[in-house]
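# Okay, here's the prediction I keep looking at, along with the sequence it came from:
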Amino acid sequence: MNFPYRTGHDFPLFLAPMSGVSESPFRLLCRRFGADVVVSEFISAVGVARGLEHLFEDMRFEQAERPIGIQLYGADATIMARAAEMVTAAAQPDFIDINFGCPVKKVVKNNGGSGCLKDLGLVQRIIAAVRSATHLPVTVKIRSGWDDAQRDPVAIALRCREAGAQALTLHARTRTQMFSGKANWDEIARVVEALDIPVIGNGDITTAADVVAMRRHTRCAGVMIARGAFGNPWLFAQARDLLAGRPPRPAPAATERFAVALEHARLALALQGDTRKTALEFRKHFGWYTKGVPGAGGLRERLFQIESMGEAEAIFAAYLAGSAVGQAA
(Lines give C-alpha, C1' and ligand atoms only; values in the text may rest on other atoms or scores of the structure.)
Protein backbone atom coordinates (compact mmCIF):
# COMPACT_ATOMS: atom_id res chain seq x y z
CA MET A 1 0.00 0.00 0.00
CA ASN A 2 1.43 3.36 -1.04
CA PHE A 3 2.19 6.14 1.42
CA PRO A 4 1.27 9.71 0.45
CA TYR A 5 4.96 10.69 0.73
CA ARG A 6 8.30 9.12 -0.17
CA THR A 7 9.46 6.47 2.32
CA GLY A 8 12.54 4.84 0.80
CA HIS A 9 11.45 1.25 1.47
CA ASP A 10 8.31 -0.76 0.77
CA PHE A 11 8.10 -1.41 4.52
CA PRO A 12 9.24 1.81 6.21
CA LEU A 13 10.52 2.21 9.75
CA PHE A 14 9.40 5.35 11.59
CA LEU A 15 10.88 7.21 14.51
CA ALA A 16 7.96 8.17 16.76
CA PRO A 17 7.28 11.74 17.83
CA MET A 18 8.40 11.93 21.48
CA SER A 19 8.58 15.08 23.58
CA GLY A 20 12.11 15.96 24.61
CA VAL A 21 13.58 13.10 22.59
CA SER A 22 12.58 13.36 18.91
CA GLU A 23 14.57 16.54 18.43
CA SER A 24 16.57 17.24 15.31
CA PRO A 25 19.88 15.72 16.53
CA PHE A 26 18.24 12.40 17.41
CA ARG A 27 16.18 12.39 14.23
CA LEU A 28 19.34 12.86 12.16
CA LEU A 29 21.08 10.04 13.99
CA CYS A 30 18.16 7.65 13.56
CA ARG A 31 17.94 8.51 9.85
CA ARG A 32 21.63 7.60 9.52
CA PHE A 33 21.00 4.26 11.20
CA GLY A 34 18.06 3.37 8.99
CA ALA A 35 14.89 5.17 10.07
CA ASP A 36 12.96 5.82 6.86
CA VAL A 37 10.63 8.53 8.19
CA VAL A 38 10.87 10.80 11.23
CA VAL A 39 8.27 12.96 12.96
CA SER A 40 8.80 16.07 15.07
CA GLU A 41 7.98 16.34 18.73
CA PHE A 42 4.29 17.21 19.11
CA ILE A 43 3.68 20.93 18.77
CA SER A 44 0.81 23.00 20.13
CA ALA A 45 -1.48 24.33 17.43
CA VAL A 46 -2.56 27.12 19.77
CA GLY A 47 1.06 28.18 20.20
CA VAL A 48 1.71 28.08 16.46
CA ALA A 49 -1.43 30.09 15.71
CA ARG A 50 -0.25 32.69 18.24
CA GLY A 51 3.12 32.87 16.49
CA LEU A 52 5.19 31.73 19.47
CA GLU A 53 8.76 31.95 18.22
CA HIS A 54 10.16 29.01 20.19
CA LEU A 55 7.69 26.64 18.52
CA PHE A 56 8.88 27.69 15.09
CA GLU A 57 12.40 26.97 16.33
CA ASP A 58 11.20 23.51 17.40
CA MET A 59 9.89 22.90 13.88
CA ARG A 60 13.21 23.50 12.19
CA PHE A 61 14.87 20.49 10.62
CA GLU A 62 17.83 19.62 8.43
CA GLN A 63 17.25 18.51 4.83
CA ALA A 64 18.92 15.19 5.68
CA GLU A 65 15.95 14.43 7.96
CA ARG A 66 13.47 14.21 5.07
CA PRO A 67 10.96 12.71 4.82
CA ILE A 68 9.75 14.38 7.99
CA GLY A 69 6.32 15.17 9.37
CA ILE A 70 5.43 17.99 11.74
CA GLN A 71 2.99 16.75 14.38
CA LEU A 72 0.36 19.13 15.73
CA TYR A 73 -2.02 18.73 18.63
CA GLY A 74 -5.08 20.71 19.63
CA ALA A 75 -8.80 20.45 20.21
CA ASP A 76 -10.16 23.28 18.07
CA ALA A 77 -10.61 22.55 14.37
CA THR A 78 -10.26 26.18 13.29
CA ILE A 79 -7.04 26.68 15.24
CA MET A 80 -5.64 23.36 14.01
CA ALA A 81 -6.35 24.43 10.42
CA ARG A 82 -4.66 27.78 10.95
CA ALA A 83 -1.64 26.10 12.51
CA ALA A 84 -1.40 23.59 9.65
CA GLU A 85 -1.47 26.44 7.14
CA MET A 86 1.31 28.26 9.02
CA VAL A 87 3.42 25.11 9.41
CA THR A 88 3.07 24.34 5.71
CA ALA A 89 4.35 27.79 4.77
CA ALA A 90 7.04 28.18 7.43
CA ALA A 91 8.52 24.69 7.81
CA GLN A 92 7.60 23.00 4.52
CA PRO A 93 7.67 19.44 5.89
CA ASP A 94 6.72 16.37 3.86
CA PHE A 95 3.45 15.84 5.72
CA ILE A 96 1.37 17.05 8.65
CA ASP A 97 0.60 14.53 11.39
CA ILE A 98 -2.25 15.06 13.86
CA ASN A 99 -1.73 13.86 17.42
CA PHE A 100 -4.74 12.00 18.78
CA GLY A 101 -2.56 9.72 20.87
CA CYS A 102 -0.62 11.67 23.49
CA PRO A 103 -1.74 10.53 26.98
CA VAL A 104 0.08 13.23 28.99
CA LYS A 105 -2.18 15.08 31.43
CA LYS A 106 -1.16 18.61 30.41
CA VAL A 107 -2.18 17.80 26.82
CA VAL A 108 -5.41 15.90 27.45
CA LYS A 109 -6.73 18.27 30.14
CA ASN A 110 -7.84 20.57 27.29
CA ASN A 111 -9.01 17.58 25.22
CA GLY A 112 -5.86 17.59 23.09
CA GLY A 113 -4.00 14.43 22.08
CA SER A 114 -5.88 11.28 23.11
CA GLY A 115 -8.45 13.50 24.84
CA CYS A 116 -10.00 14.05 21.41
CA LEU A 117 -10.88 10.35 21.25
CA LYS A 118 -13.79 11.00 23.61
CA ASP A 119 -15.46 12.96 20.78
CA LEU A 120 -15.08 11.34 17.36
CA GLY A 121 -17.07 14.12 15.77
CA LEU A 122 -14.35 16.52 16.92
CA VAL A 123 -11.69 14.17 15.56
CA GLN A 124 -13.35 14.26 12.15
CA ARG A 125 -13.78 18.03 12.17
CA ILE A 126 -10.11 18.51 12.98
CA ILE A 127 -8.93 16.18 10.22
CA ALA A 128 -11.22 17.75 7.63
CA ALA A 129 -10.17 21.26 8.64
CA VAL A 130 -6.46 20.44 8.45
CA ARG A 131 -6.91 18.73 5.06
CA SER A 132 -8.60 21.87 3.74
CA ALA A 133 -5.79 24.12 5.04
CA THR A 134 -2.75 22.44 3.48
CA HIS A 135 -1.67 20.84 0.23
CA LEU A 136 0.53 18.43 2.19
CA PRO A 137 -0.51 14.87 3.04
CA VAL A 138 -2.32 14.65 6.39
CA THR A 139 -1.82 11.64 8.65
CA VAL A 140 -2.98 10.81 12.15
CA LYS A 141 -1.68 8.98 15.21
CA ILE A 142 -4.28 7.45 17.52
CA ARG A 143 -4.61 5.18 20.50
CA SER A 144 -7.13 2.35 20.77
CA GLY A 145 -9.52 4.58 22.69
CA TRP A 146 -9.80 6.73 25.80
CA ASP A 147 -10.37 3.81 28.17
CA ASP A 148 -11.57 0.20 28.06
CA ALA A 149 -15.20 1.32 27.98
CA GLN A 150 -14.52 3.37 24.84
CA ARG A 151 -11.95 1.04 23.29
CA ASP A 152 -12.83 0.65 19.60
CA PRO A 153 -9.80 1.33 17.40
CA VAL A 154 -11.52 0.15 14.21
CA ALA A 155 -14.37 2.62 14.66
CA ILE A 156 -11.91 5.43 15.45
CA ALA A 157 -9.74 4.55 12.46
CA LEU A 158 -12.71 4.40 10.08
CA ARG A 159 -13.87 7.83 11.23
CA CYS A 160 -10.36 9.18 10.65
CA ARG A 161 -10.26 7.70 7.17
CA GLU A 162 -13.73 9.04 6.37
CA ALA A 163 -12.59 12.54 7.37
CA GLY A 164 -9.59 12.40 5.03
CA ALA A 165 -6.63 10.87 6.87
CA GLN A 166 -4.16 9.53 4.31
CA ALA A 167 -2.21 7.23 6.66
CA LEU A 168 -2.79 6.19 10.26
CA THR A 169 -0.58 5.06 13.13
CA LEU A 170 -2.14 3.02 15.93
CA HIS A 171 -0.51 2.75 19.33
CA ALA A 172 -2.56 -0.19 20.53
CA ARG A 173 -3.13 0.98 24.10
CA THR A 174 -5.84 3.19 25.58
CA ARG A 175 -5.10 6.58 27.09
CA THR A 176 -5.79 5.31 30.60
CA GLN A 177 -3.21 2.54 30.11
CA MET A 178 -0.56 5.20 29.46
CA PHE A 179 2.48 2.95 28.81
CA SER A 180 1.51 0.09 31.11
CA GLY A 181 0.34 -3.38 30.15
CA LYS A 182 0.85 -4.78 26.68
CA ALA A 183 -0.03 -3.21 23.36
CA ASN A 184 -2.75 -5.25 21.66
CA TRP A 185 -1.33 -6.12 18.26
CA ASP A 186 -4.58 -7.90 17.34
CA GLU A 187 -6.18 -4.45 17.26
CA ILE A 188 -3.58 -3.24 14.76
CA ALA A 189 -4.39 -6.26 12.58
CA ARG A 190 -8.11 -5.45 12.68
CA VAL A 191 -7.48 -1.83 11.72
CA VAL A 192 -5.23 -2.94 8.85
CA GLU A 193 -8.04 -5.17 7.58
CA ALA A 194 -10.63 -2.40 7.86
CA LEU A 195 -8.73 0.46 6.17
CA ASP A 196 -7.67 1.11 2.59
CA ILE A 197 -4.87 3.49 3.64
CA PRO A 198 -1.46 2.60 5.10
CA VAL A 199 -1.61 1.59 8.77
CA ILE A 200 1.55 1.91 10.85
CA GLY A 201 1.87 -0.31 13.92
CA ASN A 202 3.17 1.12 17.19
CA GLY A 203 3.64 -0.34 20.66
CA ASP A 204 6.14 -2.63 22.42
CA ILE A 205 8.86 -2.53 19.76
CA THR A 206 12.12 -2.95 21.68
CA THR A 207 14.11 -5.30 19.44
CA ALA A 208 14.61 -5.93 15.74
CA ALA A 209 12.75 -9.21 16.14
CA ASP A 210 9.74 -7.26 17.43
CA VAL A 211 9.58 -5.35 14.14
CA VAL A 212 9.44 -8.56 12.12
CA ALA A 213 6.93 -10.08 14.55
CA MET A 214 4.59 -7.08 14.33
CA ARG A 215 4.71 -7.12 10.54
CA ARG A 216 3.89 -10.82 10.48
CA HIS A 217 1.18 -10.55 13.14
CA THR A 218 -0.63 -7.48 11.82
CA ARG A 219 0.28 -7.10 8.11
CA CYS A 220 0.83 -3.40 8.85
CA ALA A 221 2.37 -1.15 6.20
CA GLY A 222 5.18 0.03 8.47
CA VAL A 223 6.33 0.08 12.07
CA MET A 224 6.85 3.07 14.35
CA ILE A 225 9.56 2.75 17.00
CA ALA A 226 9.34 4.85 20.14
CA ARG A 227 10.96 4.14 23.51
CA GLY A 228 12.87 1.18 22.09
CA ALA A 229 15.07 3.68 20.23
CA PHE A 230 16.16 5.51 23.39
CA GLY A 231 19.96 5.36 23.30
CA ASN A 232 19.60 2.68 20.66
CA PRO A 233 19.51 4.04 17.09
CA TRP A 234 21.07 0.73 16.02
CA LEU A 235 17.62 -0.81 16.37
CA PHE A 236 16.64 0.58 12.96
CA ALA A 237 19.67 -0.96 11.23
CA GLN A 238 19.18 -4.31 12.97
CA ALA A 239 15.50 -4.36 12.00
CA ARG A 240 16.34 -3.53 8.38
CA ASP A 241 18.81 -6.44 8.35
CA LEU A 242 16.13 -8.86 9.52
CA LEU A 243 13.53 -7.48 7.11
CA ALA A 244 16.00 -7.99 4.25
CA GLY A 245 16.68 -11.57 5.32
CA ARG A 246 20.15 -10.84 6.67
CA PRO A 247 21.47 -11.73 10.12
CA PRO A 248 21.11 -8.61 12.30
CA ARG A 249 24.32 -6.74 13.01
CA PRO A 250 25.52 -7.35 16.58
CA ALA A 251 24.75 -5.01 19.43
CA PRO A 252 27.47 -2.37 19.69
CA ALA A 253 30.29 -2.65 22.21
CA ALA A 254 30.81 0.11 24.77
CA THR A 255 33.36 1.89 22.57
CA GLU A 256 30.89 2.28 19.69
CA ARG A 257 28.01 3.12 22.02
CA PHE A 258 29.97 5.96 23.59
CA ALA A 259 31.28 7.21 20.24
CA VAL A 260 27.71 7.50 18.93
CA ALA A 261 26.54 9.07 22.20
CA LEU A 262 29.18 11.76 21.80
CA GLU A 263 28.33 12.22 18.12
CA HIS A 264 24.72 12.73 19.20
CA ALA A 265 25.90 15.22 21.82
CA ARG A 266 27.94 17.19 19.30
CA LEU A 267 24.93 17.39 17.00
CA ALA A 268 22.91 18.75 19.91
CA LEU A 269 25.58 21.37 20.61
CA ALA A 270 25.72 22.39 16.96
CA LEU A 271 21.96 22.58 16.46
CA GLN A 272 20.74 23.65 19.89
CA GLY A 273 23.66 25.72 21.16
CA ASP A 274 26.75 25.00 23.25
CA THR A 275 25.14 25.89 26.55
CA ARG A 276 24.80 24.43 30.03
CA LYS A 277 21.09 23.93 29.31
CA THR A 278 21.88 21.71 26.32
CA ALA A 279 24.24 19.62 28.46
CA LEU A 280 21.73 19.26 31.29
CA GLU A 281 18.94 18.23 28.94
CA PHE A 282 21.25 15.71 27.29
CA ARG A 283 21.93 13.81 30.53
CA LYS A 284 18.97 11.49 29.90
CA HIS A 285 20.41 10.45 26.54
CA PHE A 286 23.75 9.57 28.12
CA GLY A 287 21.86 7.46 30.65
CA TRP A 288 20.14 5.53 27.88
CA TYR A 289 23.35 5.00 25.91
CA THR A 290 25.02 3.36 28.92
CA LYS A 291 22.28 0.77 29.38
CA GLY A 292 23.70 -2.72 29.49
CA VAL A 293 27.39 -1.85 29.77
CA PRO A 294 29.32 -3.20 32.77
CA GLY A 295 29.21 -0.79 35.68
CA ALA A 296 26.37 1.17 34.09
CA GLY A 297 24.95 2.32 37.43
CA GLY A 298 28.08 4.12 38.56
CA LEU A 299 28.69 5.49 35.09
CA ARG A 300 25.18 6.95 34.92
CA GLU A 301 25.58 8.46 38.36
CA ARG A 302 28.59 10.45 37.13
CA LEU A 303 26.97 11.38 33.81
CA PHE A 304 23.83 12.67 35.52
CA GLN A 305 25.98 15.27 37.25
CA ILE A 306 27.64 16.78 34.15
CA GLU A 307 27.25 20.45 33.34
CA SER A 308 29.14 20.39 30.03
CA MET A 309 29.64 17.94 27.19
CA GLY A 310 33.38 18.07 27.82
CA GLU A 311 32.80 16.47 31.21
CA ALA A 312 30.92 13.63 29.53
CA GLU A 313 33.78 13.02 27.09
CA ALA A 314 36.21 12.79 30.00
CA ILE A 315 33.96 10.35 31.86
CA PHE A 316 33.62 8.08 28.84
CA ALA A 317 37.37 8.22 28.15
CA ALA A 318 38.15 7.30 31.77
CA TYR A 319 35.66 4.44 31.67
CA LEU A 320 37.15 3.01 28.45
CA ALA A 321 40.68 3.43 29.74
CA GLY A 322 39.73 1.59 32.92
CA SER A 323 38.08 -1.17 30.92
CA ALA A 324 41.19 -1.56 28.78
CA VAL A 325 43.37 -1.81 31.89
CA GLY A 326 41.01 -4.39 33.34
CA GLN A 327 41.08 -6.46 30.13
CA ALA A 328 44.86 -6.25 29.97
CA ALA A 329 45.15 -7.41 33.55
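Thanks, I have the structure now. Here the structure is a predicted model, which is why all the values come from computation and not from measurement. Numbers count the residues shown, from 1 in each chain.

# give me the number of residues near the closest residue to residue 162 other than its chain neighbours?
In this structure, residue 162 finds its nearest non-sequential neighbour in residue 124, 6.8 Å apart by Cβ to Cβ, 6 or more residues apart in numbering. The way it works is simple: take the backbone N, C-alpha and C, and place the C-beta from them, glycine included. Neighbours of residue 124 under the rule other Cβ atoms under 10 Å: 18.

# I'd guessed residue 124 sits against residue 165; true?
No. Residue 124 is not in contact with residue 165 according to Cβ atoms under 8 Å; the separation is 9.5 Å.

# picking up where we left off before, residues touching the residue nearest to residue 162, list them.
159-160, 162-163 (Cβ atoms under 8 Å, 6 or more residues apart in numbering).

# now, which of the residues you listed lie within helices?
Among the contacts of residue 124, the members found in helices (DSSP state H) are 159-160, 162-163.

# Out of the residues you listed, which is nearest to residue 215?
residue 160 (21.8 Å; Cβ to Cβ).

# and the nearest residue to the closest one once chain neighbours are set aside, which of the three is it?
Spatial nearest neighbour of residue 160, chain neighbours left out: residue 140 (5.1 Å); criterion: Cβ to Cβ, 6+ apart. With DSSP: H, G, I helix; E, B strand; the rest coil as the basis, the three-state label of residue 140 is strand.

# now swap in residue 61 and tell me
Under three-state DSSP, residue 61 comes out as coil.

# Buried ones among the ones in helices among the contacts of residue 124?
159-160, 163 (16 or more other Cβ atoms under 10 Å).

# will you turn those residues into a markdown table that also has pLDDT and distance to residue 5?
Shown next, in a markdown table, are these (pLDDT from 0 to 100; distance: Cβ to Cβ, whole Å):
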| residue | pLDDT | distance to residue 5 |
| --- | --- | --- |
| 159 | 97 | 22 |
| 160 | 97 | 17 |
| 163 | 98 | 19 |
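
# For residue 294, state which of those residues is nearest.
The nearest one, if we look at these relative to residue 294 and count by Cβ to Cβ, is residue 160, at 46.9 Å.

# can you give me the helices in the stretch 101-250 of the chain?
Along the stretch 101-250 of the chain, counting by DSSP state H, counting those that start in this stretch, helices occupy 105-108, 120-133, 153-163, 185-194, 208-218, 234-243.

# Present these as JSON lines; the columns should include distance to residue 281.
JSON lines is the format used below for the helices of the stretch 101-250 of the chain (distance: least, Cβ to Cβ, whole Å):
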{"stretch": "helix 105-108", "distance to residue 281": "18"}
{"stretch": "helix 120-133", "distance to residue 281": "30"}
{"stretch": "helix 153-163", "distance to residue 281": "34"}
{"stretch": "helix 185-194", "distance to residue 281": "33"}
{"stretch": "helix 208-218", "distance to residue 281": "28"}
{"stretch": "helix 234-243", "distance to residue 281": "22"}
